[in-house]
Structures are given as C-alpha cells and as structure tokens.
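Colleague: the sequence and its predicted three-dimensional model are supplied below.
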Amino acid sequence: MMGVNALRAAYADGRVSVVAAIDHHLARIERFDPDLRAFIFVDAAGARAAAQDSAARFEAGTARPLEGVPVAIKGNIDVAGWPVSAGLNAWRDRRAPRDAAAVSRLRAAGAILIGLTNLHEGALGATTDNPFFGQAQNPHRPGYTPGGSSGGSAAAVAAGLCTAALGTDTLGSIRIPASYCGISGLKPGPGRVPPDGLIPLVPRWDVIGPLGRSAADCAALFAVLADGQPSPAIARVALLSGWRGAEVDPAVDAAVRLSASLLEGLGIEVRSRHAAIDFDRLRLAGFLEASIGARDAFGAAAEQEPSGFSPAFLIYLRFAGDIDPSARAQGLKAIETAATEVRALLRMADAILLPATPQAAFPHGEHGPATLADFTSLASFAGLPALVVPAGWTADGLPLGVQLIGRDGGELALLDLGARLEAALNAWRPPAAYR
C-alpha cells in the first residue's frame, strides 16, 4: 500500500504504471468491497480512461501534482454525472450536474476519481451503518464500525481500495473514522476548502477535507484543495486536561501521554492546560444543532417521500421541530463558551493535543457511545483546523488516534507537526486481512 507521495514517485521513476495501478485498485474494490461496503458507486470506466490520460502525461513530461493518484469521494459531494444521494434513499437517483469546487481542483491536479464512498444517512451519525447503502465495516475488525459519517472514505483508504479520499466533517465526521480506522484525517478551518457542491448538514460547521494513510498524504491533497496560507511553525503545545463528562479509555489516555512525551523529544514545549469544558452540556447542544440542520436540509424531502428515509432519521426530523427555543439558546451559549475556552488556550500555545475519540471502534449493533464526538466537536465549535494521526493500539488490536487542534489558518503548520509526531509514534499498519 503506497501513500500519495510514494505512488507519485513510483510513477515518475517508471517503476509503476498508472494504468496498472488503477486496475490494481479496481480489482481490490471488486474483491473486498462486497464485504467492506466502503463504496456506493464505482466509475471503473471513467477511472481507466483517466489513467490512460495520466500515463500519456507522464510520457510527455507534463504530469501534475496528483497525477494518477486514485482518490475516492464521499457520497455527499458532487461529481459531475455521478449519483449524489448524501446516503438518502430518497435521493438515490439524483445526479450531480457539475463537479464540486474541491473535486474540480483534484481533477485539475491529475487525481483519478475512482468512486463514491458510503456514509451515514444524511451525514447525521458516526457509525456508517446505512440502512439503504449498507453497513460499512472497519477493515481492522469485521462487524465493527469504521466511524462516521465519512466511514466509507476511511475504510477505503485503510483497506487500500484507494490511496486517499475526501470526507466531510461537521462535528468529527472526518476525524472519528480516521481514528477508528488507524489513518490520518484533516478537518480544515471553515472556508479553507471551497464548500460549493457539498450537501450540507450544518453549513457553518461543515467542511470538506482529506483522509490518507499519513499526514503527508493529507498534506498532498490539501495543497491542491486550498490556497496556500503559510503559518509559523508550532513550538508550544497545550495538553488538554480538566474536562467534565467525558470518560476516556486508558489506552487512549496512554496514547495521548506518549504523544506529549514524543513531542517534547522533538523539541516542542508541552504544558498541561486546564479547560473548564462541560461535555454533558455540549453534547446535547451539538445534537440539537445537528438535528435542526437535518430538518433544514432534508425536511421538505422527507415530507414528500417519507419512505426514502429511515424511521430513525424521521425521528430526528420530528425531534428538531419540537426543540424549545430557550433550550437551543442555552445550548448555543454553551457552545460559544467552549469555543472561547479553546481559543483562549491557543493564545498560550500554538496547538492543542487531546484525544481524537474517547474510545476505539465498537461493534455494529451496539448503541454508540454518547461521548464519541466530545473531543472532535471542540475544533468545530471554535472554527479551527484539526488533524488526527494514528497513535497506537488497544490490547485487542484496534487502532487509536490522537488529535491536534491548530490556530485559524494554521493547517500547514498542523500537518507539518502531525507528520513529525506520526513518524515518532510509528503506529500505522495495514489491516491484516487487506495486506
């Protein structure tokens, strides 16, 4: 399994043929995806045609930054002529009239779009157990969730069905699956990657971002997805402590503390910083906003075609209509208080180190832990970039990630530090069944 930069180098050196590489990935999808359920649409003919064009560009010496790299796209992002359902059965037959801006940038950089990935229904959830498009599996353990809502993107990358993928993130939908699948995922700051062509859930929080097997892979995609904005190198990191209501698995806590120690070994100043964050209140506030966002985005379609939505999703929509305005106002106040706390930490440090998720992946069929988006939601509330890198393993072999939150516009510095930390942790490994 080659990453973005290694694959590009192999193409340039003539060690790997673009056509052969695309055929290889398509064959892996055909072999593994009936069980993995990472994809909901594959454009084999389009990918093979693009591979021929990329091969010609390498021959002519006109290869572009992502030339020949197979990239998957989450199923709530427009790709011209492809279905775009956002994981909703009601929209199964919709076709995108044009590429999303992010997709156009990938194409212009030479990436080969291989297919659409599975996601939680309406991007409202974190298990990617989709009643209409299938239950995506964690490549490290069948029967376990890959996380969500970008679970198909993370599973496809981890299993080597593509080299990188686009996901979307509202309250952790890139970072949760990155952690659960043992890969890297970047949530850029709002607006850094153009949102045009994204079916939104909560527009003020929704962002498009890359998932890859390393921070370097994410950086390679981010370089073409967003306009460059250099930022000072990260020299001081705050180790988050002092939260209420979020129970953290001991293996996660150990991974965070190991990461802090390794950062110090890299010459980074790490100081524990107390943050008075009440996750119990934030959890409810985030749920209220996501439910209201779902009602705004999909409520009219649900009224017209209720059979196109699962019973659980319809409950969310009805719940949104019954929210007490005073309860919502209190939730918004709690969100802003937490956002202010996070921003205050970043006046004393250049980045914040904290868990990605409080626990590792769990079995499908279990009610997901209420806490699973506690730590990822903080960067969303504060409107800041955040990166997850693989950081370790549970005793029974499930991957764990750690998260770094950076300053506004600090994605490049975050990716640089993430790559250095990732190298020190040396925690990535391919799933045994997909080697």
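Modeller: Looks like it came in fine. Numbering: from 1, shown residues only.
Colleague: ranges for the helices of the protein?
Modeller: For the chain, applying DSSP state H gives helices covering 4-13, 18-36, 44-60, 101-108, 151-158, 175-181, 215-225, 250-265, 279-304, 311-321, 325-348, 376-382, 411-425.
Colleague: packing partners for the last one?
Modeller: For helix 411-425, the helices and strands in contact under the criterion 3 or more Cβ pairs under 8 Å, 6 or more residues apart in numbering; DSSP states H and E are strand 184-187, helix 215-225, helix 250-265, strand 351-355, strand 386-393, strand 399-406. Every residue, glycine included, has its C-beta placed from N, CA and C.
Colleague: can you list the buried residues in it?
Modeller: Residues of helix 411-425 classed as buried: 411-422, 425 (neighbour count, 16 or more other Cβ atoms under 10 Å).
Colleague: can you redo those residues as JSON lines with pLDDT and distance to Leu266?
Modeller: Conversion of the buried residues of helix 411-425 to JSON lines gives the following (pLDDT from 0 to 100; distance: Cβ to Cβ, whole Å):
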{"residue": "Glu411", "pLDDT": "97", "distance to Leu266": "19"}
{"residue": "Leu412", "pLDDT": "96", "distance to Leu266": "17"}
{"residue": "Ala413", "pLDDT": "97", "distance to Leu266": "14"}
{"residue": "Leu414", "pLDDT": "97", "distance to Leu266": "14"}
{"residue": "Leu415", "pLDDT": "97", "distance to Leu266": "15"}
{"residue": "Asp416", "pLDDT": "97", "distance to Leu266": "11"}
{"residue": "Leu417", "pLDDT": "98", "distance to Leu266": "8"}
{"residue": "Gly418", "pLDDT": "98", "distance to Leu266": "12"}
{"residue": "Ala419", "pLDDT": "98", "distance to Leu266": "11"}
{"residue": "Arg420", "pLDDT": "98", "distance to Leu266": "6"}
{"residue": "Leu421", "pLDDT": "98", "distance to Leu266": "7"}
{"residue": "Glu422", "pLDDT": "98", "distance to Leu266": "11"}
{"residue": "Leu425", "pLDDT": "98", "distance to Leu266": "11"}
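Colleague: ok, of these, which one's closest to Ser214?
Modeller: Glu422 (6.1 Å; Cβ to Cβ).
Colleague: contacts only, for that closest one.
Modeller: Contact analysis of Glu422 by Cβ atoms under 8 Å, 6 or more residues apart in numbering lists 184, 214-215, 389-390, 428.
Colleague: then Gly191?
Modeller: Neighbouring residues of Gly191 by Cβ under 8 Å, 6+ apart: Val207.
Colleague: could you report the distance from it to Val402?
Modeller: 26 Å (Cβ to Cβ, to the nearest Å).
Colleague: for Gly61, same thing?
Modeller: With Cβ to Cβ as the criterion, Gly61 and Val402 are 41 Å apart.
Colleague: more crowded one of these two?
Modeller: Shown here are Gly61 and Val402; by other Cβ atoms under 10 Å, Val402 has more neighbours (29 against 7).
Colleague: hmm, Val103 is touching Asp78, no?
Modeller: Yes: with contact defined as Cβ atoms under 8 Å, Val103 and Asp78 form a contacting pair (6.8 Å).
Colleague: burial count for Asp396?
Modeller: Using other Cβ under 10 Å, Asp396 has 8 neighbouring residues.
Colleague: list phi and psi for it.
Modeller: Backbone torsions of Asp396, given as degrees, to the nearest 10, read phi -100, psi 20.
Colleague: tabulate the buried residues of helix 411-425 (CSV), appending distance to Gly110.
Modeller: Formatted as CSV, the buried residues of helix 411-425 follow (distance: Cβ to Cβ, whole Å):
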residue, distance to Gly110
Glu411, 22
Leu412, 21
Ala413, 26
Leu414, 25
Leu415, 20
Asp416, 24
Leu417, 28
Gly418, 24
Ala419, 22
Arg420, 27
Leu421, 29
Glu422, 25
Leu425, 31
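Colleague: and Leu288, which of the helices and strands packed on helix 411-425 is closest to it?
Modeller: For the helices and strands packed on helix 411-425, the distance to Leu288 is smallest for strand 184-187, at 20.9 Å, taking Cβ to Cβ.
Colleague: mean confidence (pLDDT) on that closest one, please.
Modeller: Throughout strand 184-187, pLDDT has a mean value of 98.
Colleague: go on, stretch 18-28?
Modeller: The average pLDDT for stretch 18-28 rounds to 98.
Colleague: what confidence value was assigned to the residue of the chain most remote from its centre?
Modeller: Centroid-distance maximum for the chain: Ala60 at 35.0 Å, with Cα atoms, centre = their mean. Listed pLDDT for Ala60 reads 97.
Colleague: how about the one 10 residues further on?
Modeller: At Pro70 the predicted local confidence, pLDDT, stands at 98.
Colleague: got it, and Trp243?
Modeller: 68.
Colleague: same check on Gly228?
Modeller: For Gly228, the predicted pLDDT is 69.
Colleague: go on, the one 3 residues further on?
Modeller: Here, the pLDDT recorded for Ser231 equals 83.
Colleague: where's it relative to Asp408, distance?
Modeller: 9 Å.
Colleague: quick check: buried residues in stretch 256-275?
Modeller: Buried positions in stretch 256-275, judged by neighbour count with 16+ other Cβ under 10 Å: 256, 258-260, 262-263, 268, 270, 273, 275.
Colleague: got a pLDDT number for the nearest residue to Trp428 once chain neighbours are set aside?
Modeller: Residue nearest to Trp428 in three dimensions, not counting chain neighbours: Pro390, with 4.6 Å by Cβ to Cβ, 6 or more residues apart in numbering. Looking at Pro390, its pLDDT reads 98.
Colleague: next one: the one 3 residues further on
Modeller: Residue-level confidence at Trp393 comes out at 97, pLDDT.
Colleague: rewinding a little: can you tell which of the helices of the chain is closest to Asp93?
Modeller: Asp93 lies closest, by Cβ to Cβ, to one member of these: helix 279-304, at 12.7 Å.
Colleague: other SSEs contacting the closest one?
Modeller: Applying 3+ Cβ pairs under 8 Å, 6+ apart, one finds that helix 279-304 contacts helix 311-321, helix 325-348, helix 376-382.
Colleague: separation between the residue nearest to Gly242 when sequence neighbours are not counted and Ala235?
Modeller: Closest residue to Gly242 apart from its sequence neighbours, by Cβ to Cβ, 6+ apart: His274 at 3.7 Å. Relative to Ala235, His274 is positioned 21 Å away (criterion: Cβ to Cβ).
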